[in-house]
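Undergrad: Fold the following.
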Amino acid sequence: MRKALIGAVTVAAVLLAGCSTRSGDDPGTDPARRTSPAAEASPDFGTLKNVCGPGTARPSTVQGVTDDTIQVGVLSDIGFTKRSEFVDAAKVFTSWCNDVGGINGRDLVPVTRDAKLTEVRQRVLEACKADFALVGGGSALDSLGVQDRLKCLLPNFPSQSSQIGAIGSDLQALASGPTAGYFQYAGYYSWLLKEKYPDSAQKVGMIAGDSPVTKVMAAQFKEAVAGLGGRISYSDLYPAAGVSDWTPYAQSIKKSGVRGLVFLGDFASLAKLEQALTGIGYSPDWIDANSNAYGPAFPQLAGAALGKQHNYAELFATAPLESAADNPAVRQLTDLFEKYAPGRQVTYPALRAFSAWLLFATAARDCAEITRKCVYENAMKNTGFTAGGLQAPFDLTSKQPPTCHSIVEATAKGWQAADFKPDQGAYRCDAPAYKYKGDYGAPATLAGVGKSLSDLT
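TA: Below you'll find the predicted structure:
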C-alpha cells in the first residue's frame, strides 16, 4: 500500500498540469490595473455571445435539475494536491454566469467532488447519484472512475484528461486535446528536434518518476521521439519518494552527452536537477519542463540556473496567460477572477477549466429542454470551438489531433512566448500527427459497460 501511494505521488506530479499558486507576474493580480468593462455584468465572453442569460425554464425531472438550478460536479484532487484551480474556476464562472441570468434562467450550482488522488471512484459514484454532469474538473487518476461514470450515463466536460482509459472515453467532451491514440506533443517535438535544435535529435535523454503509470508515459515518449526522427540515447528513473542529491543524475546526463532532456516528474525536482547541472557546468540544448512547470513557482525554484538551462513547455492550443494585454478573452478571465475570487490566482489549469465551462454552458443554453443527451450532443457538434478566444479552434467532431499549438520558454524573469514561429496569432498550426504503434491501452466505451448512446436521455 505504501509503495502504491508513493507511486501515486509521482503520477500526480506528472499528470496534474499547472502549479498551486501564481505570484505578481500574473496580469490578473496587478493591483494597479483597473477592472475592465469586460468584467462587468455582460452575458458575453470574448467572442462568444450570450453565454448565459435569463429565460423561461421548462419543468424538468432530470437528475440534478430543478426549476431554478442545475447541479454539476467538479472533480478535483484538492485534498491531496492543495491546488484549488478547478474549484476557483468553478466559483468564478458560475458566479458570473448566475449574475447575468444563469442557463436560461437556471443558476449553476457547482459541487466539489474531491477525489484526494486515490478516491476517484467514490466521488464519481456520488456524482452519479446527484449531479447532472461533471464540469471543469479533473483528477490525475481519472481512469479509476470512468467505468462507473459510463454505467450511470454521466457526461463529463473536464478541463483535462490524464490517463489512457479516460482520454477519448465515451460521454466525455474535451474543449481541447489530447486525442486518444496520438502523441499530443508532435508539433512541439518536431520544432525542437528538426528546427530549433537539430543537432540534439540523436542525443535525447529522459528522466521519469518511478511509477507504473509514468513508465507507460516514458514508453510513449520514447516511441514518439523515434517516430519524429529523434532517439532516446539515455534514460533513467528517479524514486517517487524524492532525491536528496541530484548530482549523480546530472553527472550521468553530462557523461552521456545528452543534448535534449525530457523530464517526466514534478517541477520542484526538475529545479533541483537543473541546479545540479549548472553546478557541474553542463547545459543541454533544451529541457522539456512540460506544462506542469508553467507558472511562477518553477522559475523561482530554479533561480539562477535558468540563466544557463533552456526550458520549454507546450500549452497545446491554449493562449498563454502572459498574453492578457493582447488577448481580450484572457484579459476578461483575469478580470473575472479579480471580481469574483479576489486574491485567487489564475493558472493554466484554471484557464483550461474555463474553456470546459464555456463548452458546457453554450451547449446547455441551446437546449429547449435541458437533458444530458441534448447538452452532450450540442457540445460534440462544435467544429471550431475557441472558448471565446482562450484557445485555438478545436474540432470536437474529429478523431484527429489538432494541428495548432503554443510553446512558452522559462527565463529568469518568468515565462514568455518562445520563438517557435507562430503562424496564426499566438499559435503555430502545422503539427504533424503521430499515431502510436505500441499498445498502451484504449479509452473506455459505453459498449464496454453494456450501454450505448441510445440509452442517454
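Undergrad: Quick test: name the residue nearest the centre of the protein.
TA: When Cα atoms, centre = their mean is applied to the chain, the residue found nearest the centroid is Gln160 (4.3 Å).
Undergrad: measure the nearest residue to that residue once chain neighbours are set aside to Thr81 for me?
TA: Excluding its sequence neighbours, the residue lying closest to Gln160 (Cβ to Cβ, 6 or more residues apart in numbering) is Gly138, at 4.1 Å. Glycine gets a C-beta too; all of them are placed from N, C-alpha and C. Remark: distance between Gly138 and Thr81 (Cβ to Cβ, to the nearest Å) = 11 Å.
Undergrad: Touching, Leu171 and Lys451? I think so.
TA: No. Counting by Cβ atoms under 8 Å, Leu171 stays clear of Lys451, with 9.1 Å between them.
Undergrad: so where is this protein shaky, pLDDT-wise?
TA: The chain contains residues with pLDDT under 70 at 1-40.
Undergrad: domain ranges for it?
TA: Domain assignment of the chain by automatic domain parsing yields the ranges 2-178+324-391+442-455, 186-319+402-417.
Undergrad: Adding distance to Gly425, write those out as JSON lines.
TA: Putting these into JSON lines (distance: least, Cβ to Cβ, whole Å) gives the following:
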{"stretch": "domain 2-178+324-391+442-455", "distance to Gly425": "8"}
{"stretch": "domain 186-319+402-417", "distance to Gly425": "8"}
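Undergrad: More neighbours: Gly138 and Thr81, which one.
TA: Neighbours per residue (other Cβ atoms under 10 Å) separate Gly138 from Thr81, with Gly138 holding more: 27 against 20.
Undergrad: For the more buried one, give me its contacts.
TA: Leu16, Leu75, Ser76, Phe86, Pro158, Ser159, Gln160, Ser161, Ser162, Pro349, Ala353 (Cβ atoms under 8 Å, 6 or more residues apart in numbering).
Undergrad: Helix, strand or coil: sort out the second one for me.
TA: Right, Leu75. Assigned with DSSP: H, G, I helix; E, B strand; the rest coil, Leu75 falls in the strand class.
Undergrad: which residues does it bridge with?
TA: Beta-bridge pairing of Leu75 under DSSP bridges involves Arg113.
Undergrad: Quick check: which element contains the residue lying closest to Gly303 once chain neighbours are set aside?
TA: Nearest non-adjacent residue to Gly303, counting by Cβ to Cβ, 6+ apart: Gln275, 7.2 Å away. Gln275 is part of helix 267-279 when elements are defined by DSSP states H and E.
Undergrad: what packs against the helix or strand following that helix?
TA: Per DSSP H and E, the first helix or strand lying C-terminal to helix 267-279 is strand 286-288. Contacts defined by 3 or more Cβ pairs under 8 Å, 6 or more residues apart in numbering; DSSP states H and E place strand 286-288 against strand 260-264, strand 311-314.
Undergrad: Partner strands of strand 286-288 and their direction?
TA: Strand 286-288 sits in its sheet next to strand 260-264 (parallel), strand 311-314 (parallel), going by DSSP bridges.
Undergrad: what comes up buried for the next helix or strand after that strand?
TA: Sequence order places helix 297-302 as the next helix or strand after strand 286-288, per DSSP H and E. By neighbour count with 16 or more other Cβ atoms under 10 Å, helix 297-302 contains the buried residues Ala297, Phe298, Pro299, Leu301, Ala302.
Undergrad: Please write out the alpha-carbon positions of stretch 46-54 in PDB.
TA: Extracted C-alpha coordinates of stretch 46-54, given in PDB (Å, rounded to 0.1, in the frame of the first residue of the first chain):
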ATOM      1  CA  GLY A  46     -14.700  37.000 -25.600                       C
ATOM      2  CA  THR A  47     -16.200  36.300 -29.000                       C
ATOM      3  CA  LEU A  48     -18.900  34.100 -27.500                       C
ATOM      4  CA  LYS A  49     -22.200  35.900 -27.300                       C
ATOM      5  CA  ASN A  50     -24.900  35.400 -24.700                       C
ATOM      6  CA  VAL A  51     -23.200  32.500 -23.000                       C
ATOM      7  CA  CYS A  52     -25.500  32.900 -20.000                       C
ATOM      8  CA  GLY A  53     -28.700  34.800 -19.500                       C
ATOM      9  CA  PRO A  54     -32.300  34.700 -18.300                       C
END
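Undergrad: buried ones in it?
TA: In stretch 46-54, counting by 16+ other Cβ under 10 Å, buried: Gly46, Leu48, Val51, Cys52, Gly53.
Undergrad: Same list, those, but as JSON lines with distance to Ala180 please.
TA: As requested, the buried residues of stretch 46-54 are arranged in JSON lines below (distance: Cβ to Cβ, whole Å):
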{"residue": "Gly46", "distance to Ala180": "28"}
{"residue": "Leu48", "distance to Ala180": "27"}
{"residue": "Val51", "distance to Ala180": "28"}
{"residue": "Cys52", "distance to Ala180": "31"}
{"residue": "Gly53", "distance to Ala180": "35"}
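Undergrad: so which of those would you say is closest to Gly227?
TA: Gly46 (36.0 Å; Cβ to Cβ).
Undergrad: what about that closest one, distance to Asn327?
TA: Gly46 is 8 Å from Asn327, by Cβ to Cβ.
Undergrad: what touches both of the two?
TA: Shared contacts of Gly46 and Asn327 (Cβ under 8 Å, 6+ apart): Gly389, Leu390.
Undergrad: ok, and for stretch 60-80, which residues are buried?
TA: For stretch 60-80, a neighbour-count test (16+ other Cβ under 10 Å) marks 60, 62-65, 69-78, 80 as buried.
Undergrad: Got the phi and psi for Gln71?
TA: Per-residue torsions, Gln71: phi -90, psi 130 (degrees, to the nearest 10).
Undergrad: Cheers, nothing more for now.
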